[in-house]
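Visitor: Structure of the sequence below:
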Amino acid sequence: MEPWRPNPRNPMDRIYPKTFCFNFPNLLYANGRKLCYLCFQVEREDDFSYNDSDRGVFRNKVHPLARCHAEQCFLSWFRDQYPYRDEYYNVTWFVSWSPCPTCAEEVVEFLEEYRNLTLSIFTSRLYYFGDPNYQQGLCTLRDAGVQLDIMSYDDFKHCWDNFVYNKGMRFQRRNLLKDYDFLAAELQEILR
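Guide: Coordinates of the predicted model:
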């Protein structure tokens, strides 16, 4: 397989603490943070539980010849792992950046395929939140029934406990919530 092609069958189990603390803070301006991380968990309605095979982390693939955003990696992986479209799924994403308009459209198409799937997206930051195309992408997701919110303290702690190689270190808030209030208000304004 070419190095720039996504390898959707192999999400990472977890990310390192420094990676998490650098890429996930609620920041208005996040200079140098060009990668998007998507932590996911999939629950089936019959038991609403998940095991290690139903959660993981995707990172966008950046290559000049073929880019694959983290959302696209997840969608491809999910289609391979869960081919039965008549089952009920509850999927939660914790992402370092909100989806771009292209990914938003692909997610909506995916939800049309999997009509029995509910998706919640908790994002750390809003990607180009002043751009009308990016705002419309978020509204398109909302209109398709996706729950959208800015990551809160509880979301960060959940990610730390489930998606970070924390080696038993307790979660510390640090500066993860620096611009939370502004981003939460901005998202509500966009979705209004």
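Visitor: Dump the C-alpha coordinates for the helix or strand containing Lys18 into CSV.
Guide: Using DSSP states H and E, Lys18 falls within helix 17-23. Extracted C-alpha coordinates of helix 17-23, given in CSV (Å, rounded to 0.1, in the frame of the first residue of the first chain):
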residue,chain,number,x,y,z
PRO,A,17,0.0,12.6,26.7
LYS,A,18,2.1,15.3,25.0
THR,A,19,0.2,14.7,21.7
PHE,A,20,-3.1,15.0,23.6
CYS,A,21,-2.1,18.1,25.5
PHE,A,22,-0.7,19.8,22.4
ASN,A,23,-3.5,18.9,19.9
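Visitor: got the buried residues for the helix or strand following it?
Guide: The C-terminal neighbour of helix 17-23 among helices and strands, as given by DSSP H and E, is strand 37-44. Buried positions in strand 37-44, judged by neighbour count with 16 or more other CB atoms under 10 Å: Tyr37, Leu38, Cys39, Phe40, Gln41, Val42, Glu43. In this view, the C-beta of every residue, glycine as well, is placed from N, C-alpha and C.
Visitor: how about the third one, what does it touch?
Guide: Counting by CB atoms under 8 Å, 6 or more residues apart in numbering, Cys39 touches Ile15, Arg55, Gly56, Val57, Trp93, Phe94, Val95, Cys159, Asn162, Phe163.
Visitor: do that again at 7 Å, thanks
Guide: Val57, Phe94, Cys159, Phe163 (CB atoms under 7 Å, 6 or more residues apart in numbering).
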